[in-house]
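[1] Sequence first, then the predicted structure:
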Amino acid sequence: MKNIEAREPPSKAQAETYWKSLWGEGAQHNERAEWLRREQKRKVSHMDWMPIQITEITSYLFKAHNSKSPGNDQIQNYWLKVFPATHKHITKNFNEIIEEPEKAPDWLTTGITHLIPKSEENKEVRNYRTITCLTTMYKTLTGIIAKRISTHL
């Protein structure tokens, strides 16, 4: 990957205005799209929810890269791996969040977004791509859920 320097990056206000114009307004979607009809016909069996187990936390972390970019929590996977005593508490909290999502702390789903220039022409916001670093805890929880879904299909 080529490292491109942002010589005259857009201001924060310009970036916010640009992204709000793309994501801030509702959109009308094609409710008759072919893929929707296919999905509605597809038979998907019901998946009963079982509480997350400590072994799932350990298994996810075993495969996770040690120094993956953390989000606001600033916790890298390495630390969760070398302190397995935390897995019991993480499991308990994940299960509480699943049972009562409204009680999930705001920091869990808050990320740090970086604008990465796509080319040397980087005065305009549209010439940037975004990368959002989400919290390690969020990535762990969603990773466990994603694995359950993929093994269920």
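    Structure's in. What do you need? Numbers count the residues shown, from 1 in each chain.

[2] So what's the residue count around I97?
    Number of residues near I97 (other Cβ atoms under 10 Å) recorded here: 17. Quick note: C-beta positions are derived from backbone N, CA and C, even for glycine.

[3] List the contacts of it.
    Residues in contact with I97 (Cβ atoms under 8 Å, 6 or more residues apart in numbering) are K103, A104, L108, L141.

[4] any idea how far Q74 is from C133?
    Distance, Q74 to C133, by Cβ to Cβ, to the nearest Å: 10 Å.

[5] higher neighbour count, those two?
    Set side by side, Q74 and C133 give different neighbour counts by other Cβ under 10 Å, the larger being at C133 (17 against 11).

[6] how far away is that one from K118?
    Using Cβ to Cβ, one gets 19 Å for the distance from C133 to K118.

[7] was I right about Y138 contacting G71?
    Yes: in this structure, Y138 is within contact of G71 by Cβ atoms under 8 Å, at 7.0 Å.

[8] So for those two, which sits in the more crowded spot?
    G71 (21 against 18).

[9] Doesn't the more buried one lie inside a helix?
    No: membership of G71 in a helix is not supported by DSSP: H, G, I helix; E, B strand; the rest coil, which gives coil.

[10] got a list of what the nearest residue to it once chain neighbours are set aside touches?
    For G71, ignoring the flanking residues on the chain, the nearest one in space by Cβ to Cβ, 6 or more residues apart in numbering is T135 at 4.0 Å. By Cβ under 8 Å, 6+ apart, the contact set of T135 is P70, G71, N72, D73, I75, W107, L108, T109, T110, G111.

[11] ok, now how distant is the first one from E56?
    To tie it back to what came earlier, the one meant is P70. P70 is 20 Å from E56, by Cβ to Cβ.

[12] Ok, the fourth one next?
    Taking Cβ to Cβ as the measure, D73 falls 19 Å from E56.
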